[in-house]
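Turn this into a model:
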Amino acid sequence: MPGKFKSLKGQLLLDGGKLAGSCFHRSVVLICQHDAEGAFGLVVNHSTDKKVGEALVADMPDTLKDQLLFLGGPVQPQALSYLHSDAFLPDANVLPNLHLDHSLDELVELGGSFSPTQKLKVFAGYAGWSPGQLDDEMKRGAWLTHPGSVELVFDGESKHLWVKLVRQKGWQYRLLSEQPEDLNWN
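Residues are numbered from 1 along each chain as shown. Below you'll find the predicted structure:
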């Protein structure tokens, strides 16, 4: 009898050291949706060298245009997704006060609104798994899990987020967190 399905929605997946050479090497992926039909996530720690205004042709506020664009994953790199947080978002669909959306019109509207507690991160592409694929990868130890939070998704030091979170997993992961990004550097 198969085990009961356990959704990873709201969890962060950390490269468990087995993804070298892939686009997920040292990645931190927020699982936004996960059910029996598959999973959808966004890599929250890999920014591109582009600004949102360079990637999107739309009339939008300069504050939005000047934000870094993140590479959400290898699937459909032209697809737009964004995570939006504010102090009170009753309809948040990923975590409390963290909402995932794909609408350009909504993004432009958010960019033009003012809220001192609003946070926004825009992604090109996403990470996707077919039914059972993520579960198989978890069984093989490709990923470590870490509880997701708004603070971690919008961590200002996203470049170092993977190292920070792997170190928090405990002493047994210290060597993994300290190894050079490219093992040829050893």
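
which ones are touching the closest residue in space to K169 that isn't next to it in sequence?
Take K169 and drop its neighbours on the chain: the residue closest to it by C-beta to C-beta, 6 or more residues apart in numbering is L144, 6.0 Å away. In short, each C-beta sits where N, CA and C put it, glycine included. Residues touching L144, when contacts are defined by C-beta atoms under 8 Å, 6 or more residues apart in numbering, comprise 13-16, 166, 169, 173.

what helices or strands is the helix or strand of the chain with the lowest mean pLDDT leaning on?
Least confident helix or strand, the chain: helix 174-178 with a mean of 82, by mean pLDDT, DSSP states H and E. Judged by 3 or more C-beta pairs under 8 Å, 6 or more residues apart in numbering; DSSP states H and E, helix 174-178 is in contact with helix 161-168.

Which positions in the helix it packs on come out as buried?
Buried positions in helix 161-168, judged by neighbour count with 16 or more other C-beta atoms under 10 Å: 161-166.

C-alpha coordinates for that helix, PDB please?
Included here for helix 161-168 are C-alpha records, laid out as PDB according to Å, rounded to 0.1, in the frame of the first residue of the first chain:
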ATOM      1  CA  LEU A 161      20.900  31.800   1.000                       C
ATOM      2  CA  TRP A 162      21.700  28.200   0.100                       C
ATOM      3  CA  VAL A 163      24.900  28.200   2.300                       C
ATOM      4  CA  LYS A 164      23.100  29.900   5.200                       C
ATOM      5  CA  LEU A 165      20.200  27.400   5.200                       C
ATOM      6  CA  VAL A 166      22.400  24.300   4.700                       C
ATOM      7  CA  ARG A 167      24.500  25.300   7.600                       C
ATOM      8  CA  GLN A 168      21.300  25.600   9.700                       C
END
